[in-house]
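J.: Sequence and predicted structure, then a few things I'm wondering about:
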Amino acid sequence: MHTRPHPVLIGFACLVFFFLLAPLVIIIGASVSDTSFLTFPPQGLTLHWYENIFEVSAFKRTMVTSFILAVTGTSLSLIVGIPAAYALNRYRVQLPSFLSTVFVLPILVPEIVLGFSLMKTVTTAMGFPIFVSLVIGHALLVLPYCVRVVSAALSSFDFSIEEAAVSLGCPRWKAFFIIVLPNVRAGVIAAFILALITSINDVSISLFLTGPGISTLPIQLLAHMEQFFDPTIASVSVLLMLVTVGVMAVVELTLGLTFLTK
Amino acid sequence: MTFRQPGWLLVLPATLAVAMFLGIPVFDTFSTTFTDSTGFLSNYEKFFTSRFRRAVLWRTTEIALITMIASLLIGFATAYVVSRAPKKLKSLLIIIAVFPLLTGVVVRSFAWLVILGKNGILNQILLSVGVIAEPLSMLYTEGAVIVAMVYLFVPLMILTIVGVLEGIPEDLLQASASLGATPFATFWQVVFPLAMPGLIVGAVLVFTGSFTSYATPQLLGGEQQMMMGTFLRQRAMVTFDWTGASTIAAIMTVVTIIIVLAMGRVARRLNPAAV
(Lines give C-alpha, C1' and ligand atoms only; values in the text may rest on other atoms or scores of the structure.)
Protein backbone atom coordinates (compact mmCIF):
# COMPACT_ATOMS: atom_id res chain seq x y z
CA MET A 1 0.00 0.00 0.00
CA HIS A 2 1.55 3.23 -1.11
CA THR A 3 -0.28 6.16 0.36
CA ARG A 4 -0.03 9.09 -2.00
CA PRO A 5 1.20 12.30 -0.35
CA HIS A 6 -1.13 15.28 -0.23
CA PRO A 7 -1.34 17.12 -3.62
CA VAL A 8 -0.08 20.33 -2.01
CA LEU A 9 3.02 18.47 -0.87
CA ILE A 10 3.55 17.04 -4.37
CA GLY A 11 3.22 20.52 -5.86
CA PHE A 12 5.75 21.82 -3.37
CA ALA A 13 8.21 19.04 -4.24
CA CYS A 14 7.86 19.91 -7.94
CA LEU A 15 8.75 23.51 -7.13
CA VAL A 16 11.80 22.34 -5.17
CA PHE A 17 13.06 20.28 -8.09
CA PHE A 18 12.52 23.27 -10.36
CA PHE A 19 14.54 25.36 -7.87
CA LEU A 20 17.31 22.73 -8.01
CA LEU A 21 17.56 22.59 -11.78
CA ALA A 22 16.73 26.11 -13.00
CA PRO A 23 20.05 27.73 -11.97
CA LEU A 24 21.99 25.05 -13.82
CA VAL A 25 19.87 25.53 -16.95
CA ILE A 26 20.50 29.28 -16.70
CA ILE A 27 24.26 28.66 -16.70
CA ILE A 28 23.99 26.49 -19.80
CA GLY A 29 21.94 29.19 -21.52
CA ALA A 30 24.34 31.96 -20.52
CA SER A 31 27.32 29.97 -21.84
CA VAL A 32 26.11 30.08 -25.45
CA SER A 33 25.01 33.72 -25.48
CA ASP A 34 26.56 35.82 -28.25
CA THR A 35 27.19 38.76 -25.91
CA SER A 36 30.32 39.83 -24.07
CA PHE A 37 28.47 39.83 -20.75
CA LEU A 38 26.54 37.16 -18.91
CA THR A 39 22.88 37.14 -19.72
CA PHE A 40 19.87 34.85 -19.78
CA PRO A 41 17.95 34.07 -21.95
CA PRO A 42 20.91 33.88 -24.38
CA GLN A 43 21.01 36.41 -27.21
CA GLY A 44 22.19 34.64 -30.32
CA LEU A 45 24.00 31.34 -30.22
CA THR A 46 27.77 30.85 -30.18
CA LEU A 47 30.35 28.37 -29.00
CA HIS A 48 32.92 31.13 -28.87
CA TRP A 49 33.07 31.06 -25.05
CA TYR A 50 33.99 27.39 -25.13
CA GLU A 51 36.90 28.16 -27.46
CA ASN A 52 37.85 30.98 -25.15
CA ILE A 53 38.41 28.53 -22.27
CA PHE A 54 41.36 27.11 -24.12
CA GLU A 55 42.65 30.52 -25.13
CA VAL A 56 42.86 31.78 -21.55
CA SER A 57 46.10 30.09 -20.49
CA ALA A 58 45.23 30.35 -16.78
CA PHE A 59 42.22 28.08 -17.28
CA LYS A 60 44.18 25.55 -19.30
CA ARG A 61 46.98 25.46 -16.75
CA THR A 62 44.76 25.21 -13.68
CA MET A 63 42.61 22.53 -15.29
CA VAL A 64 45.70 20.37 -15.73
CA THR A 65 46.84 21.12 -12.17
CA SER A 66 43.42 20.28 -10.73
CA PHE A 67 43.31 17.01 -12.61
CA ILE A 68 46.83 15.87 -11.66
CA LEU A 69 46.21 16.96 -8.08
CA ALA A 70 42.92 15.06 -7.85
CA VAL A 71 44.37 11.86 -9.28
CA THR A 72 47.51 12.00 -7.09
CA GLY A 73 45.68 12.93 -3.88
CA THR A 74 42.96 10.34 -4.39
CA SER A 75 45.44 7.58 -5.25
CA LEU A 76 47.52 8.32 -2.15
CA SER A 77 44.39 8.38 -0.05
CA LEU A 78 43.28 4.99 -1.40
CA ILE A 79 46.75 3.51 -0.86
CA VAL A 80 46.56 4.26 2.87
CA GLY A 81 42.76 4.09 3.08
CA ILE A 82 42.10 0.63 1.61
CA PRO A 83 44.40 -1.22 4.06
CA ALA A 84 42.82 0.78 6.91
CA ALA A 85 39.28 -0.04 5.77
CA TYR A 86 40.28 -3.69 5.38
CA ALA A 87 41.77 -3.86 8.86
CA LEU A 88 38.79 -2.07 10.43
CA ASN A 89 36.46 -4.71 8.98
CA ARG A 90 38.70 -7.77 9.20
CA TYR A 91 40.15 -7.19 12.67
CA ARG A 92 37.20 -5.30 14.11
CA VAL A 93 37.34 -7.15 17.41
CA GLN A 94 41.05 -6.66 17.98
CA LEU A 95 41.28 -2.97 17.11
CA PRO A 96 40.18 -0.28 19.55
CA SER A 97 36.97 1.39 18.43
CA PHE A 98 38.41 4.91 18.52
CA LEU A 99 40.42 4.06 15.40
CA SER A 100 37.40 4.28 13.16
CA THR A 101 36.85 7.79 14.55
CA VAL A 102 40.37 8.85 13.53
CA PHE A 103 39.40 8.69 9.88
CA VAL A 104 36.34 10.83 10.46
CA LEU A 105 38.47 13.60 11.98
CA PRO A 106 39.01 15.38 8.65
CA ILE A 107 35.22 15.91 8.67
CA LEU A 108 35.18 17.33 12.21
CA VAL A 109 37.86 19.89 11.42
CA PRO A 110 36.42 22.47 9.01
CA GLU A 111 38.12 22.29 5.60
CA ILE A 112 39.06 25.93 5.66
CA VAL A 113 40.77 25.46 9.05
CA LEU A 114 42.68 22.47 7.68
CA GLY A 115 43.75 24.48 4.62
CA PHE A 116 44.94 27.39 6.74
CA SER A 117 46.76 25.11 9.20
CA LEU A 118 48.49 23.20 6.40
CA MET A 119 49.66 26.46 4.87
CA LYS A 120 51.05 27.64 8.19
CA THR A 121 52.68 24.40 9.38
CA VAL A 122 53.41 22.23 6.35
CA THR A 123 54.23 24.85 3.71
CA THR A 124 55.72 27.65 5.78
CA ALA A 125 57.22 25.96 8.85
CA MET A 126 58.21 22.57 7.41
CA GLY A 127 59.08 24.05 4.03
CA PHE A 128 57.18 21.58 1.85
CA PRO A 129 56.72 22.74 -1.76
CA ILE A 130 53.26 24.15 -2.45
CA PHE A 131 52.22 21.35 -4.77
CA VAL A 132 53.20 18.70 -2.22
CA SER A 133 51.16 20.52 0.44
CA LEU A 134 48.22 20.63 -1.96
CA VAL A 135 48.48 16.88 -2.54
CA ILE A 136 48.62 16.26 1.23
CA GLY A 137 45.61 18.51 1.82
CA HIS A 138 43.53 16.88 -0.89
CA ALA A 139 44.51 13.35 0.19
CA LEU A 140 43.33 14.20 3.73
CA LEU A 141 40.16 15.79 2.41
CA VAL A 142 39.09 12.64 0.57
CA LEU A 143 40.38 10.08 3.11
CA PRO A 144 37.04 9.84 4.99
CA TYR A 145 35.21 9.12 1.71
CA CYS A 146 37.74 6.47 0.70
CA VAL A 147 37.66 4.69 4.06
CA ARG A 148 33.87 4.91 4.35
CA VAL A 149 32.97 3.75 0.85
CA VAL A 150 35.53 0.93 0.78
CA SER A 151 34.41 -0.09 4.29
CA ALA A 152 30.82 -0.22 3.12
CA ALA A 153 31.83 -2.58 0.32
CA LEU A 154 33.95 -4.72 2.68
CA SER A 155 31.21 -5.00 5.28
CA SER A 156 29.25 -7.26 2.94
CA PHE A 157 32.32 -9.31 1.98
CA ASP A 158 32.47 -12.82 3.36
CA PHE A 159 35.95 -13.13 4.87
CA SER A 160 35.67 -16.91 5.02
CA ILE A 161 36.45 -16.97 1.28
CA GLU A 162 39.78 -15.34 2.09
CA GLU A 163 40.33 -17.78 4.96
CA ALA A 164 39.67 -20.66 2.56
CA ALA A 165 42.36 -19.38 0.18
CA VAL A 166 44.85 -18.95 3.03
CA SER A 167 44.17 -22.38 4.49
CA LEU A 168 44.76 -23.85 1.04
CA GLY A 169 48.22 -22.33 1.08
CA CYS A 170 47.79 -18.95 -0.57
CA PRO A 171 50.01 -16.28 1.03
CA ARG A 172 48.04 -13.61 2.89
CA TRP A 173 49.14 -10.67 0.72
CA LYS A 174 48.30 -12.65 -2.43
CA ALA A 175 44.90 -13.64 -1.07
CA PHE A 176 44.19 -9.94 -0.51
CA PHE A 177 44.99 -9.02 -4.11
CA ILE A 178 43.37 -11.95 -5.89
CA ILE A 179 40.42 -12.63 -3.56
CA VAL A 180 39.46 -9.57 -1.48
CA LEU A 181 40.23 -6.68 -3.84
CA PRO A 182 38.37 -8.04 -6.91
CA ASN A 183 35.33 -8.63 -4.72
CA VAL A 184 35.16 -5.02 -3.53
CA ARG A 185 36.15 -3.57 -6.91
CA ALA A 186 32.89 -1.64 -7.27
CA GLY A 187 33.44 0.04 -3.89
CA VAL A 188 37.00 1.01 -4.77
CA ILE A 189 35.95 2.49 -8.12
CA ALA A 190 33.09 4.42 -6.51
CA ALA A 191 35.43 5.71 -3.79
CA PHE A 192 37.95 6.79 -6.41
CA ILE A 193 35.34 8.63 -8.48
CA LEU A 194 33.64 10.34 -5.52
CA ALA A 195 37.00 11.36 -4.09
CA LEU A 196 38.10 12.66 -7.49
CA ILE A 197 35.07 14.91 -7.85
CA THR A 198 35.37 16.15 -4.25
CA SER A 199 38.99 17.05 -4.87
CA ILE A 200 38.31 18.74 -8.22
CA ASN A 201 35.55 20.87 -6.66
CA ASP A 202 37.47 21.80 -3.52
CA VAL A 203 37.86 25.46 -2.66
CA SER A 204 38.50 25.73 1.06
CA ILE A 205 41.74 23.73 1.23
CA SER A 206 43.29 24.95 -2.02
CA LEU A 207 42.45 28.53 -1.06
CA PHE A 208 45.57 28.87 1.10
CA LEU A 209 47.82 26.50 -0.81
CA THR A 210 48.09 28.28 -4.12
CA GLY A 211 51.19 30.20 -4.95
CA PRO A 212 53.07 31.71 -7.84
CA GLY A 213 52.22 29.65 -10.90
CA ILE A 214 50.20 27.07 -8.98
CA SER A 215 46.46 27.35 -8.68
CA THR A 216 43.48 25.03 -9.03
CA LEU A 217 40.55 25.49 -11.36
CA PRO A 218 37.95 26.50 -8.72
CA ILE A 219 40.34 29.06 -7.23
CA GLN A 220 41.10 30.43 -10.70
CA LEU A 221 37.35 30.60 -11.40
CA LEU A 222 36.74 32.55 -8.19
CA ALA A 223 39.53 34.98 -9.05
CA HIS A 224 38.22 35.38 -12.61
CA MET A 225 34.66 36.02 -11.38
CA GLU A 226 35.78 38.86 -9.17
CA GLN A 227 37.30 40.70 -12.13
CA PHE A 228 35.39 39.72 -15.27
CA PHE A 229 31.79 38.92 -15.91
CA ASP A 230 31.94 37.26 -19.33
CA PRO A 231 30.35 33.96 -20.38
CA THR A 232 33.69 32.10 -20.26
CA ILE A 233 32.95 31.24 -16.62
CA ALA A 234 29.60 29.84 -17.65
CA SER A 235 31.21 27.66 -20.30
CA VAL A 236 33.82 26.36 -17.83
CA SER A 237 30.94 25.63 -15.45
CA VAL A 238 29.13 23.66 -18.16
CA LEU A 239 32.33 21.71 -18.79
CA LEU A 240 32.48 20.87 -15.07
CA MET A 241 28.82 19.79 -15.17
CA LEU A 242 29.68 17.42 -18.03
CA VAL A 243 32.37 15.91 -15.80
CA THR A 244 29.66 15.47 -13.15
CA VAL A 245 27.44 13.65 -15.65
CA GLY A 246 30.32 11.30 -16.45
CA VAL A 247 30.94 10.69 -12.77
CA MET A 248 27.28 9.93 -12.15
CA ALA A 249 27.28 7.43 -14.99
CA VAL A 250 30.27 5.62 -13.48
CA VAL A 251 28.75 5.59 -9.98
CA GLU A 252 25.46 4.29 -11.38
CA LEU A 253 27.28 1.49 -13.19
CA THR A 254 29.38 0.48 -10.19
CA LEU A 255 27.33 0.94 -7.03
CA GLY A 256 24.05 2.41 -8.22
CA LEU A 257 23.23 6.02 -7.36
CA THR A 258 20.86 4.97 -4.61
CA PHE A 259 24.06 4.12 -2.73
CA LEU A 260 24.36 7.84 -2.04
CA THR A 261 21.21 7.84 0.07
CA LYS A 262 22.70 5.33 2.49
CA MET B 1 46.49 -13.56 18.62
CA THR B 2 48.54 -13.61 15.47
CA PHE B 3 46.09 -11.27 13.75
CA ARG B 4 46.83 -8.49 16.15
CA GLN B 5 49.99 -7.39 14.35
CA PRO B 6 48.70 -7.14 10.75
CA GLY B 7 45.61 -5.25 11.95
CA TRP B 8 47.72 -2.54 13.53
CA LEU B 9 50.20 -2.40 10.69
CA LEU B 10 47.46 -1.86 8.13
CA VAL B 11 45.84 1.00 10.04
CA LEU B 12 49.19 2.62 10.82
CA PRO B 13 49.91 4.56 7.58
CA ALA B 14 46.51 6.25 7.50
CA THR B 15 46.63 7.00 11.22
CA LEU B 16 50.11 8.48 10.93
CA ALA B 17 49.06 10.59 7.95
CA VAL B 18 46.11 12.01 9.88
CA ALA B 19 48.22 12.60 13.02
CA MET B 20 51.04 14.28 11.16
CA PHE B 21 49.21 16.38 8.59
CA LEU B 22 45.98 17.08 10.43
CA GLY B 23 46.78 16.60 14.11
CA ILE B 24 50.01 18.59 14.26
CA PRO B 25 48.97 21.52 12.01
CA VAL B 26 45.61 21.99 13.73
CA PHE B 27 47.18 21.64 17.18
CA ASP B 28 49.71 24.26 16.12
CA THR B 29 46.92 26.60 15.03
CA PHE B 30 45.23 26.20 18.41
CA SER B 31 48.40 26.61 20.43
CA THR B 32 49.46 29.88 18.75
CA THR B 33 46.23 31.46 19.98
CA PHE B 34 47.29 30.94 23.62
CA THR B 35 50.79 32.37 23.39
CA ASP B 36 50.04 36.08 23.50
CA SER B 37 52.39 37.90 25.86
CA THR B 38 49.56 39.80 27.54
CA GLY B 39 47.75 36.72 28.73
CA PHE B 40 46.64 33.18 28.08
CA LEU B 41 43.25 34.07 26.66
CA SER B 42 43.93 37.59 25.43
CA ASN B 43 43.46 36.66 21.76
CA TYR B 44 39.96 35.50 22.55
CA GLU B 45 39.36 38.61 24.66
CA LYS B 46 40.39 40.65 21.63
CA PHE B 47 37.98 38.71 19.46
CA PHE B 48 34.99 38.98 21.73
CA THR B 49 35.49 42.63 22.72
CA SER B 50 35.65 43.72 19.09
CA ARG B 51 32.23 44.79 17.94
CA PHE B 52 33.07 43.96 14.32
CA ARG B 53 34.29 40.44 15.11
CA ARG B 54 31.29 39.68 17.29
CA ALA B 55 29.08 40.85 14.42
CA VAL B 56 30.84 38.47 12.02
CA LEU B 57 30.40 35.54 14.43
CA TRP B 58 26.76 36.45 15.02
CA ARG B 59 26.02 36.87 11.30
CA THR B 60 27.64 33.51 10.56
CA THR B 61 25.62 31.77 13.27
CA GLU B 62 22.41 33.44 12.13
CA ILE B 63 22.91 32.54 8.45
CA ALA B 64 23.86 28.96 9.33
CA LEU B 65 20.78 28.58 11.56
CA ILE B 66 18.36 30.02 8.99
CA THR B 67 19.94 27.87 6.25
CA MET B 68 19.65 24.80 8.47
CA ILE B 69 15.98 25.38 9.33
CA ALA B 70 14.97 26.21 5.75
CA SER B 71 16.86 23.18 4.37
CA LEU B 72 15.24 20.94 6.99
CA LEU B 73 11.71 22.05 6.10
CA ILE B 74 12.25 21.98 2.33
CA GLY B 75 14.31 18.78 2.47
CA PHE B 76 11.91 16.84 4.68
CA ALA B 77 8.81 17.70 2.65
CA THR B 78 10.58 16.87 -0.63
CA ALA B 79 12.19 13.70 0.69
CA TYR B 80 8.79 12.51 1.92
CA VAL B 81 7.31 12.90 -1.58
CA VAL B 82 10.39 11.27 -3.18
CA SER B 83 10.25 8.27 -0.84
CA ARG B 84 6.56 7.70 -1.65
CA ALA B 85 7.05 8.01 -5.42
CA PRO B 86 6.86 4.98 -7.74
CA LYS B 87 10.21 3.24 -8.20
CA LYS B 88 11.19 4.61 -11.62
CA LEU B 89 10.25 8.19 -10.79
CA LYS B 90 12.07 7.87 -7.47
CA SER B 91 15.36 6.96 -9.20
CA LEU B 92 14.94 9.91 -11.56
CA LEU B 93 14.27 12.32 -8.69
CA ILE B 94 17.31 11.03 -6.81
CA ILE B 95 19.46 11.58 -9.91
CA ILE B 96 18.17 15.17 -10.14
CA ALA B 97 19.05 15.71 -6.48
CA VAL B 98 22.52 14.17 -6.80
CA PHE B 99 23.47 16.20 -9.85
CA PRO B 100 23.77 19.60 -8.13
CA LEU B 101 25.44 17.89 -5.18
CA LEU B 102 28.28 16.67 -7.37
CA THR B 103 28.55 20.00 -9.19
CA GLY B 104 31.05 22.24 -7.48
CA VAL B 105 30.16 24.91 -4.97
CA VAL B 106 31.77 27.61 -7.14
CA VAL B 107 29.57 26.74 -10.12
CA ARG B 108 26.43 26.61 -8.00
CA SER B 109 27.14 29.92 -6.26
CA PHE B 110 28.02 31.47 -9.60
CA ALA B 111 24.53 30.59 -10.90
CA TRP B 112 23.04 32.82 -8.21
CA LEU B 113 25.39 35.62 -9.20
CA VAL B 114 23.77 35.46 -12.65
CA ILE B 115 20.25 35.25 -11.22
CA LEU B 116 20.46 37.92 -8.53
CA GLY B 117 22.68 40.49 -10.27
CA LYS B 118 21.56 44.04 -11.15
CA ASN B 119 20.94 42.93 -14.75
CA GLY B 120 20.19 39.43 -13.61
CA ILE B 121 17.28 37.31 -14.70
CA LEU B 122 15.24 37.90 -11.54
CA ASN B 123 15.42 41.69 -11.92
CA GLN B 124 14.49 41.34 -15.60
CA ILE B 125 11.43 39.28 -14.74
CA LEU B 126 10.32 41.59 -11.95
CA LEU B 127 10.81 44.65 -14.18
CA SER B 128 8.87 43.17 -17.10
CA VAL B 129 6.02 42.10 -14.85
CA GLY B 130 5.97 45.58 -13.43
CA VAL B 131 6.39 44.66 -9.77
CA ILE B 132 9.36 47.01 -9.51
CA ALA B 133 10.31 50.14 -11.44
CA GLU B 134 14.05 50.08 -10.70
CA PRO B 135 16.33 47.01 -10.59
CA LEU B 136 16.85 45.89 -7.00
CA SER B 137 20.34 45.35 -5.65
CA MET B 138 20.04 41.88 -4.25
CA LEU B 139 23.68 40.83 -4.32
CA TYR B 140 25.88 41.31 -1.25
CA THR B 141 22.93 40.98 1.12
CA GLU B 142 22.31 38.41 3.82
CA GLY B 143 19.31 37.18 1.83
CA ALA B 144 21.45 36.42 -1.25
CA VAL B 145 23.87 34.37 0.84
CA ILE B 146 21.02 32.48 2.51
CA VAL B 147 19.23 31.67 -0.76
CA ALA B 148 22.43 30.37 -2.35
CA MET B 149 23.29 28.34 0.77
CA VAL B 150 19.84 26.77 0.93
CA TYR B 151 20.26 25.92 -2.75
CA LEU B 152 23.63 24.39 -1.89
CA PHE B 153 22.38 22.22 0.97
CA VAL B 154 18.84 21.14 0.05
CA PRO B 155 20.05 18.22 -2.14
CA LEU B 156 22.20 16.90 0.72
CA MET B 157 19.22 17.13 3.07
CA ILE B 158 16.89 15.38 0.58
CA LEU B 159 19.32 12.47 0.10
CA THR B 160 20.00 12.08 3.83
CA ILE B 161 16.31 12.06 4.73
CA VAL B 162 15.25 9.82 1.81
CA GLY B 163 17.80 7.30 3.11
CA VAL B 164 16.14 7.26 6.54
CA LEU B 165 12.57 7.27 5.24
CA GLU B 166 13.36 4.29 3.01
CA GLY B 167 14.42 2.40 6.11
CA ILE B 168 10.98 2.73 7.76
CA PRO B 169 9.14 -0.56 7.24
CA GLU B 170 5.91 -0.23 5.28
CA ASP B 171 4.14 -2.50 7.86
CA LEU B 172 4.45 0.18 10.53
CA LEU B 173 2.50 2.63 8.40
CA GLN B 174 -0.07 -0.02 7.55
CA ALA B 175 -0.40 -0.99 11.21
CA SER B 176 -0.89 2.63 12.15
CA ALA B 177 -3.53 3.13 9.45
CA SER B 178 -5.37 -0.11 10.23
CA LEU B 179 -5.55 0.88 13.90
CA GLY B 180 -7.44 3.97 12.83
CA ALA B 181 -4.78 6.69 12.71
CA THR B 182 -5.37 9.48 10.20
CA PRO B 183 -2.55 10.02 7.66
CA PHE B 184 -1.68 13.15 9.61
CA ALA B 185 -1.42 11.24 12.90
CA THR B 186 0.62 8.50 11.23
CA PHE B 187 3.01 11.10 9.94
CA TRP B 188 3.54 12.85 13.28
CA GLN B 189 3.47 9.80 15.53
CA VAL B 190 5.21 7.18 13.38
CA VAL B 191 7.16 8.67 10.47
CA PHE B 192 8.48 11.79 12.18
CA PRO B 193 10.00 10.13 15.27
CA LEU B 194 11.58 7.40 13.15
CA ALA B 195 13.02 9.98 10.74
CA MET B 196 14.50 12.02 13.61
CA PRO B 197 18.03 10.55 13.38
CA GLY B 198 18.17 11.45 9.67
CA LEU B 199 16.87 14.95 10.34
CA ILE B 200 19.55 15.44 12.98
CA VAL B 201 22.37 14.16 10.77
CA GLY B 202 21.15 16.44 7.99
CA ALA B 203 20.87 19.40 10.35
CA VAL B 204 24.44 18.89 11.61
CA LEU B 205 25.84 18.61 8.07
CA VAL B 206 24.04 21.75 6.93
CA PHE B 207 24.81 23.85 10.01
CA THR B 208 28.51 23.03 10.09
CA GLY B 209 28.73 23.25 6.29
CA SER B 210 27.25 26.74 6.17
CA PHE B 211 29.04 27.89 9.31
CA THR B 212 32.42 27.11 7.73
CA SER B 213 31.64 27.93 4.09
CA TYR B 214 33.84 30.20 2.03
CA ALA B 215 32.96 30.36 -1.68
CA THR B 216 29.28 31.29 -1.29
CA PRO B 217 29.71 34.18 1.18
CA GLN B 218 32.73 35.36 -0.81
CA LEU B 219 30.80 35.55 -4.10
CA LEU B 220 27.34 36.57 -2.89
CA GLY B 221 28.08 38.34 0.37
CA GLY B 222 31.36 40.08 -0.38
CA GLU B 223 32.94 42.45 2.13
CA GLN B 224 29.54 43.65 3.31
CA GLN B 225 28.43 40.24 4.57
CA MET B 226 31.70 38.96 6.02
CA MET B 227 31.32 35.49 7.53
CA MET B 228 33.80 33.46 9.60
CA GLY B 229 35.23 31.72 6.51
CA THR B 230 35.76 34.86 4.47
CA PHE B 231 37.02 36.67 7.58
CA LEU B 232 39.58 33.91 8.24
CA ARG B 233 40.85 34.13 4.68
CA GLN B 234 41.02 37.95 4.85
CA ARG B 235 43.03 37.88 8.12
CA ALA B 236 45.39 35.19 6.82
CA MET B 237 46.03 36.26 3.24
CA VAL B 238 45.28 39.99 3.07
CA THR B 239 46.39 41.39 6.43
CA PHE B 240 48.76 38.49 7.29
CA ASP B 241 47.53 38.47 10.86
CA TRP B 242 48.09 34.75 11.44
CA THR B 243 47.35 34.87 15.15
CA GLY B 244 44.02 36.56 14.49
CA ALA B 245 43.31 34.04 11.75
CA SER B 246 44.23 31.17 14.09
CA THR B 247 41.79 32.52 16.69
CA ILE B 248 39.00 32.54 14.09
CA ALA B 249 40.00 29.01 13.00
CA ALA B 250 39.94 27.77 16.61
CA ILE B 251 36.49 29.25 17.24
CA MET B 252 35.16 27.68 14.03
CA THR B 253 36.55 24.26 14.98
CA VAL B 254 35.21 24.39 18.54
CA VAL B 255 31.73 25.42 17.35
CA THR B 256 31.74 22.59 14.79
CA ILE B 257 32.77 19.96 17.33
CA ILE B 258 30.28 21.18 19.95
CA ILE B 259 27.42 21.07 17.42
CA VAL B 260 28.36 17.58 16.25
CA LEU B 261 28.63 16.22 19.80
CA ALA B 262 25.51 17.98 21.09
CA MET B 263 23.35 16.84 18.18
CA GLY B 264 24.67 13.28 18.58
CA ARG B 265 23.55 13.39 22.20
CA VAL B 266 20.12 14.77 21.29
CA ALA B 267 19.77 12.03 18.68
CA ARG B 268 20.49 9.32 21.24
CA ARG B 269 18.04 10.78 23.74
CA LEU B 270 15.22 11.04 21.19
CA ASN B 271 15.75 7.59 19.78
CA PRO B 272 17.81 5.29 22.00
CA ALA B 273 17.53 2.50 19.44
CA ALA B 274 19.28 4.51 16.75
CA VAL B 275 23.05 4.36 16.60
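T.: Done, it's in.
J.: from what I can see, residue A:94 looks like it's in a helix, true?
T.: No - if the criterion is DSSP: H, G, I helix; E, B strand; the rest coil, then residue A:94 is coil and not within a helix.
J.: Wait, it touches residue B:7, no?
T.: Yes - applying C-beta atoms under 8 Å as the test, residue A:94 and residue B:7 come out as touching, 5.2 Å apart. C-beta here means a position set from N, CA and C on the backbone, and glycine is covered the same way.
J.: So which residue is dead centre in chain A?
T.: For chain A, residue A:198 is the residue whose C-alpha lies nearest the centre (C-alpha atoms, centre = their mean; 2.0 Å).
J.: Please report how far that one lies from residue A:29.
T.: With distances taken as C-beta to C-beta, to the nearest Å, residue A:198 is found 27 Å from residue A:29.
J.: tell me, which helix in the chain spans the most residues?
T.: You didn't pick a chain, so chain A it is. helix A:57-90 (DSSP state H).
J.: that's the wrong chain, I meant chain B
T.: Longest helix in chain B, counting residues (DSSP H): helix B:51-84.
J.: Give the buried residues for that one.
T.: B:53, B:56-57, B:59-61, B:63-64, B:66-68, B:70-72, B:74-84 (16 or more other C-beta atoms under 10 Å in any protein chain shown).
J.: what does stretch B:95-109 give?
T.: Buried residues in stretch B:95-109 (16+ other C-beta under 10 Å): B:96-109.
J.: Which of those residues fall in helices?
T.: In helices, judged by DSSP H, the following of these are found: B:96, B:97, B:98, B:99, B:100, B:101, B:102, B:105, B:106, B:107, B:108, B:109.
J.: For the second one, give its distance to residue B:84.
T.: Right, the one you point to is residue B:97. Residue B:97 is 15 Å from residue B:84, by C-beta to C-beta.
J.: Residue A:203 too?
T.: From residue A:203 to residue B:84 the distance is 36 Å (C-beta to C-beta).
J.: Following element in sequence after the strand or helix carrying residue A:198, please.
T.: Residue A:198 is part of helix A:185-201, with elements assigned from DSSP states H and E. Heading C-terminal from helix A:185-201, the first helix or strand you meet, by DSSP H and E, is helix A:217-227.
J.: quick one, that next one and helix A:185-201 angle?
T.: Relative orientation of helix A:217-227 versus helix A:185-201 (axes from the mean of the first three to the mean of the last three C-alpha atoms, to 10 degrees): 30 degrees.
J.: Give me the contact list for helix A:217-227.
T.: A:58-59, A:62-63, A:65-66, A:200-203, A:206-207, A:210, A:215, A:232-233, A:236-237, A:240, B:104-107, B:110, B:113, B:215, B:218-219 (C-beta atoms under 8 Å, 6 or more residues apart in numbering or on different chains).
J.: Now do that helix, average pLDDT.
T.: Mean pLDDT, helix A:217-227: 89.
J.: orientation of the next helix-or-strand element following it relative to helix A:217-227 in degrees?
T.: The helix or strand immediately downstream of helix A:217-227 is helix A:232-254, counting by DSSP H and E. Orientation of helix A:232-254 against helix A:217-227 (the same axes, to 10 degrees) gives an angle of 150 degrees.
J.: what number of residues lie near residue 110?
T.: This is for chain A. Residue A:110 has 27 neighbours, counted by other C-beta atoms under 10 Å in any protein chain shown.
J.: ah, no, chain B please
T.: So residue B:110, with other C-beta under 10 Å, has 27 neighbours.
J.: from what I can see it touches residue A:235, true?
T.: No - taking contacts as C-beta under 8 Å, residue B:110 lies outside contact range of residue A:235: 11.7 Å.
J.: intersection of neighbour lists for these two?
T.: Joint contacts of residue B:110 and residue A:235 (C-beta under 8 Å, 6+ apart) do not exist.
J.: Now do the SS call for residue 36.
T.: In the absence of a named chain, this looks at chain A. coil.
J.: actually it's chain B I care about, not the one you picked
T.: Three-state assignment for residue B:36 (three-state DSSP): coil.
J.: That one: what's it in contact with?
T.: B:42, B:43, B:243.
J.: can you rerun that using 10 Å?
T.: B:42, B:43, B:44, B:45, B:46, B:243, B:247 (C-beta atoms under 10 Å, 6 or more residues apart in numbering or on different chains).
J.: quick one: which of those residues is nearest chain A?
T.: residue B:243 (10.5 Å; C-beta to the nearest C-beta).
J.: pLDDT score for that closest one?
T.: For residue B:243, the predicted pLDDT is 94.
J.: unless I'm mixing things up, it is touching residue B:44, no?
T.: No - using C-beta atoms under 10 Å as the test, residue B:243 is too far from residue B:44 to be in contact (11.2 Å).
J.: Quick check: neighbours shared by these two?
T.: Common neighbours of residue B:243 and residue B:44 (C-beta under 10 Å, 6+ apart) are B:33, B:36.
J.: biggest separation within the buried residues of stretch B:95-109, which pair?
T.: B:96 and B:106 (20.6 Å; C-beta to C-beta).
J.: Who are the contact partners of residue 149?
T.: Let's take chain A. Per C-beta under 10 Å, 6+ apart, neighbours of residue A:149: A:78, A:81, A:85, A:184, A:186-195, A:255, A:259.
J.: wrong chain, I was asking about chain B
T.: By C-beta under 10 Å, 6+ apart, residue B:149 lies in contact with B:63-64, B:66-68, B:70-71, B:105, B:109, B:112, B:206, B:209-210, B:213, B:216-217, B:220-221, B:227.
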